[in-house]
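Engineer: Dropping a prediction and its sequence here:
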Amino acid sequence: MSTTNMDLLRFATAGSVDDGKSTLIGRLLLDSKSIFEDQLEAVEATSDAKGYDYTDLALLTDGLRSEREQGITIDVAYRYFATPTRKFIIADTPGHVQYTRNMVTGASTADLGLVLVDARQGLTEQSRRHAVILSLLRVPHLVLAVNKMDLVDFSEEIYEKIHAEFTQFATKLNIPDLEVIPISALNGDNVVNRSENMDWYSGPTLMHHLEHVHVASDRDLIDARFPVQYVIRPKSDEFHDYRGYAGQVAGGVLKPGDEVVVLPSGMTSRISKIDLFDKEITEAFPPMSVTVHLEDDVDVSRGDMIARVKNAPEPRQDIDAMVCWMTTTPLKPRQKLAIKHTTRTGRALVKDIQYRLDVNTLHRDQETKELGVNEIGRVQLRTTVPLLSDAYAKNRATGSFILIDEASGVTVGAGMILG
Amino acid sequence: MLGMSQTHVDYRLSQLDQLEAESIHIFREVAAEFEKPVLMFSGGKDSIVMMRLAEKAFYPAKIPFPVLQVDTGYDFPEVLATRDNWVNRLGVRLIVASVEQALADGIVVDDGKTSRNRHQIGTLLNAIEENGFTAAFGGGRRDEEKARAKERVYSHRDEFGQWDPKMQRPELWSLYNGRIHEGEHMRIFPISNWTELDIWDYIGREGIEIPSIYFSHQRRVFERDGMLLSESEHNPCREGEVAEERTVRFRTVGDLTLTGCVESTASTIDEIIAEVAVARVTERGATRGDDRFSEAAMEDRKKEGYF
Ligand SMILES: Nc1nc2c(ncn2[C@@H]2O[C@H](COP(=O)(O)OP(=O)(O)O)[C@@H](O)[C@H]2O)c(=O)[nH]1
Ligand SMILES: [Mg+2]
């Protein structure tokens, strides 16, 4: 098996404590043969020592000592497994409301969100919140896994009820693709193998869905966006006049000959060539890391953006965004922070907090003019440097930013630009 | 060979090309935002892949930072040879921080119980501090071990070089936060999302040089604590241990007194890949004496400032 031509799916998992998230991930790793003997033996030994009469697959993923002691998942853990056609990166995120920020972190890079519910309890406030966060972060595919079906006698009626209730709720959200799958993580029903206990279910197994969900079309291939990261100037004899703009394509397709504009200066030129290491290539698209050359000797530096002349973002200093706040000292109007957007950094002033979003009910609270830790709200910012941005809904790379506390240097906020 | 040659028609990038693009992005980001980065080079396959990625990130310019190697005094000569070939080909500056020297200078203290590998921590932190490095690239992968699975790409270290797993900064999208205070530094893990198999596939695809001990060869070895160790001047047999010649290869390289090998006839990258793909024991579990002492061994060493 070679991974060279496989494609990649990043997915984030969420569920309340004890819904079976760690067990499910353990099951996916085990059934795709991504778990090694020594890892399994260690887990079996620990399960034995704790007096369990089953192998606690959750121990495979609950990594840090404090988590093992408390028996809960407190931080995002990344897991890897592969089937013959796809490699998977799982961001395993904690479900508690006090770890919303961790879930936002895990969801930020995910193509797919996997929300677990316990079939006995049905939808809870937590599962609704998880769906809201995934939709806010514009994770394009969502799977609701109705777990522990073995404890409700594999009842179709219970599945249908949860399915209907969730579909109803999802209409209020931005979820382009939804799949609801009844499973038993502990026994493996409908995880990799089709369940013999639920012949009434005709949809895909979880693994089949993960392997086949179409993610390539989720990228924006229309609007060319190239944030310049680094200017390459070898100054060697052989490459004396070489001047290349290195970066990762954030949107669209770039080709030699394209008429481009450099922002924020507004200077125009043409792409003369595109390098990928020591080869010239004819097209560059997301998420390739390439080096772009321009025909004219225009002034380009880190933080600038190369876009198409007739399709470029408007440089803006007034930013309207949904912000997830991640630290215990609340975010308040007049506060000043550092901001990082694509390869640009500057400072930002909080002009206003328009409302706080109740992620359980979607209610907009306009009374409270601050955001506490793990809260999400609509915030107006004024930045010292113009941001070359798109709406997050259009492009996750050019629509996102982080806020940094200038004294501590810590990342305190995650922003998604509106309109 | 052009990585995405077969896939660019429908604008799809294979997973290996996506990983490469992500890692190159990280290298460039660090070079742009940090004053004094350094690449920690062990000569092992992961750090060789890092070197290749750094080469690609800045080509045709030279890699804009030096390479740091911690010399335990017990390194495999084949590994040092490969290191020198890489450093010479790329024209980068090599800094060697010697554990022996650090012991002699009293920077690390030998209590007689601690392994050489553990002394690397003090030696490394001292080298980082002395040179004023603000960012140190490491070849850690999240698939290696449970504690690593939670580590950020930019992993903050305090003035004592320590990692605090409970105080990690959130890391979103590909927006990395490189802010540090005086005296602190950042460990950077550009190949966080690569698995062991990805590393081998990449080495095969790129056709790059790795130390010969990764390939099957004849070696005098003996068994200790269930591991096959190489007999050498620094690592003689103890009473009751018998060395004999076997056909082996190494899955990781490190301190030769602690790094075990496995019996294998895999003598090409393809054969190694075939072997790795069906391996039933993780590379660390099989061959790293230093991770075996407790279930939380890696987490403890990381907190102290291990790679
Ligand atoms: N009967 C049954 N129990 C399950 C199932 N999935 C998980 N569990 C159990 O539910 C408990 C919590 O599981 P865990 O994976 O730790 O949940 P997490 O908190 O979401 O990670 C454990 O005792 C599991 O064995 C299932 O499908 N059926
Ligand atoms: Mg868990």
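Structural biologist: All right, it came through fine. Numbering: from 1, shown residues only, chains lettered A, B, ... in the order given. Ligands and ions are numbered 1, 2, ... in the order given.

Engineer: ok, the residue of the stretch 1-150 of chain A found nearest ligand 2 to residue A:233 distance?
Structural biologist: Going by Cβ to the ion, ligand 2 is nearest to residue A:22 of the stretch 1-150 of chain A, at 3.3 Å. Glycine gets a C-beta too; all of them are placed from N, C-alpha and C. For residue A:22, the distance to residue A:233 (Cβ to Cβ, to the nearest Å) stands at 49 Å.

Engineer: swap in residue B:254?
Structural biologist: Distance from residue B:254 to residue A:233, by Cβ to Cβ: 38 Å.

Engineer: how about low-confidence regions in the chain?
Structural biologist: Went with chain A since none was named. Within chain A, the ranges that satisfy pLDDT under 70 run A:1-3, A:35-40, A:53-55, A:57-74, A:95.

Engineer: you looked at the wrong chain, it should be chain B
Structural biologist: B:1-9, B:112-117, B:146, B:279-307.

Engineer: Show me what the helix ranked longest in it is packed against.
Structural biologist: Determined from DSSP state H, the single longest helix within chain B is helix B:15-33. Judged by 3 or more Cβ pairs under 8 Å, 6 or more residues apart in numbering or on different chains; DSSP states H and E, the packing partners of helix B:15-33 are strand A:7-15, strand A:230-232, strand A:244-248, strand A:289-294, helix B:45-58, strand B:135-137, helix B:196-206.

Engineer: buried sites along the fifth one?
Structural biologist: Think helix B:45-58. Buried positions in helix B:45-58, judged by neighbour count with 16 or more other Cβ atoms under 10 Å in any protein chain shown: B:45-58.

Engineer: The first one too?
Structural biologist: When neighbours are counted by 16+ other Cβ under 10 Å, the buried residues of strand A:7-15 are found to be A:7-15.

Engineer: after that strand, next one along is what?
Structural biologist: helix A:21-31 (DSSP states H and E).

Engineer: Go ahead and measure how far that next one is from the middle of the chain.
Structural biologist: Here helix A:21-31 is found 20 Å from its chain centre; the criterion is Cα atoms, centre = their mean, to the nearest Å.

Engineer: Show me the domain layout of the chain.
Structural biologist: Using chain A here. Following the assignment in automatic domain parsing, chain A carries domains at A:7-218, A:225-308, A:315-417.

Engineer: wrong one, I was asking about chain B
Structural biologist: Split by automatic domain parsing, chain B gives B:15-198+B:297-304, B:212-291.

Engineer: What segments of the stretch 301-419 of chain A are strands?
Structural biologist: With DSSP state E, counting those that start in this stretch, the ranges of strands along the stretch 301-419 of chain A come out as A:305-308, A:315-325, A:336-341, A:344-357, A:364-365, A:376-388, A:400-404, A:411-417.

Engineer: now for those strands, which one comes closest to residue B:268?
Structural biologist: strand A:305-308 (42.4 Å; Cβ to Cβ).

Engineer: where along the chain do the helices fall?
Structural biologist: Unless you meant another one, I'm taking chain A. A:21-31, A:37-49, A:65-70, A:100-108, A:125-136, A:156-170, A:206-212.

Engineer: you looked at the wrong chain, it should be chain B
Structural biologist: B:15-33, B:45-58, B:77-90, B:99-104, B:116-131, B:196-206, B:269-278, B:283-287, B:297-304.

Engineer: so who does residue A:152 touch?
Structural biologist: Contact partners of residue A:152, counting by Cβ atoms under 8 Å, 6 or more residues apart in numbering or on different chains, are A:119-120, A:158.

Engineer: mind redoing it with 10 Å?
Structural biologist: Counting by Cβ atoms under 10 Å, 6 or more residues apart in numbering or on different chains, residue A:152 touches A:118-120, A:122, A:146, A:158-159, A:182, A:184.
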